[in-house]
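Undergrad: Mind looking at a prediction? Sequence and model below.
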Amino acid sequence: MLIVIPFLSFPFAPLSCMTDCRNRGMRTRLGCLSQKSDSCSDFTAILPDKPTRALKRLSTEEATRWADSFDVLLTHKYGVAAFRAFLKTEFSEENLEFWLACEEFKKIRSTTKLATKAHRIFEEFVDVQAPREVNIDFQTREATRRNLEEPSPSCFDQAQGKIHSLMEKDSYPRFLRSKIYTDLLSQTQRRLS
């Protein structure tokens, strides 16, 4: 009898490895389930400022502008915080974290720091089986790996662009329909009443 296990990439992986991988993934998913919720109160817990002060500073107009474009959302610190909270409910916050890491990476001027940070980002987000692996195709992953041979501020541009596009087309529309976003809008509008 032949048993096919589609989630494994190596056809002859030892049984102990298969069990460890499966158990680790299940523990991660179960652990996250107990901590995830799609509500505005969960969003306020991760705001850069104190939650009540932050919500008082956020106007309905600002929050409404987040729906104008994904890039408008990404330029607003509370927009990023709300989007991060939403992505956590979908178990995909690594996409935003990678995009933000790339934005910070582009600001590095020291070539030594640039190389160190490039390898750290690659190992955390891009490499196969990275702890917070983002979903990019093989060609993009390999192009990024080659870019690390001579790191520059643009070495993650292709991968970052793919993740930006993925979030914009997939997660962002769901965020705009989410309870986190609609609750946030309601709270800002109630303050005006």
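TA: Received, thanks.
Undergrad: pLDDT wise, what is the closest residue to residue 156 other than its chain neighbours at?
TA: Excluding its sequence neighbours, the residue lying closest to residue 156 (Cβ to Cβ, 6 or more residues apart in numbering) is residue 102, at 4.6 Å. Yep, even glycine has a C-beta here, placed from its N, CA and C like the rest. Listed pLDDT for residue 102 reads 98.
Undergrad: tell me the mean pLDDT for stretch 65-75?
TA: For stretch 65-75, mean pLDDT rounds to 97.
Undergrad: Surely residue 141 and residue 130 touch.
TA: No. Between residue 141 and residue 130 there is no contact under Cβ atoms under 8 Å: 9.9 Å.
Undergrad: which one of those two has more residues nearby?
TA: residue 141 (20 against 16; other Cβ atoms under 10 Å).
Undergrad: which phi and psi does that one have?
TA: Main-chain dihedrals, residue 141, degrees, to the nearest 10: phi -60, psi -40.
Undergrad: mind listing what it touches?
TA: Residue 141 makes contact with 126-128, 159, according to Cβ atoms under 8 Å, 6 or more residues apart in numbering.
Undergrad: Which one (most neighbours) among these?
TA: Top of those by neighbour count (other Cβ under 10 Å): residue 159, with 24 neighbours.
Undergrad: Helices of the chain, start to end?
TA: 15-33, 40-44, 51-57, 60-65, 70-74, 77-89, 93-105, 111-121, 138-147, 157-166, 172-177, 179-192 (DSSP state H).
Undergrad: I'd like the contacts of residue 141 as a markdown table, with pLDDT and distance to residue 185 appended.
TA: As requested, the contacts of residue 141 are exported to a markdown table (pLDDT from 0 to 100; distance: Cβ to Cβ, whole Å):
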| residue | pLDDT | distance to residue 185 |
| --- | --- | --- |
| 126 | 98 | 35 |
| 127 | 97 | 39 |
| 128 | 95 | 40 |
| 159 | 98 | 32 |
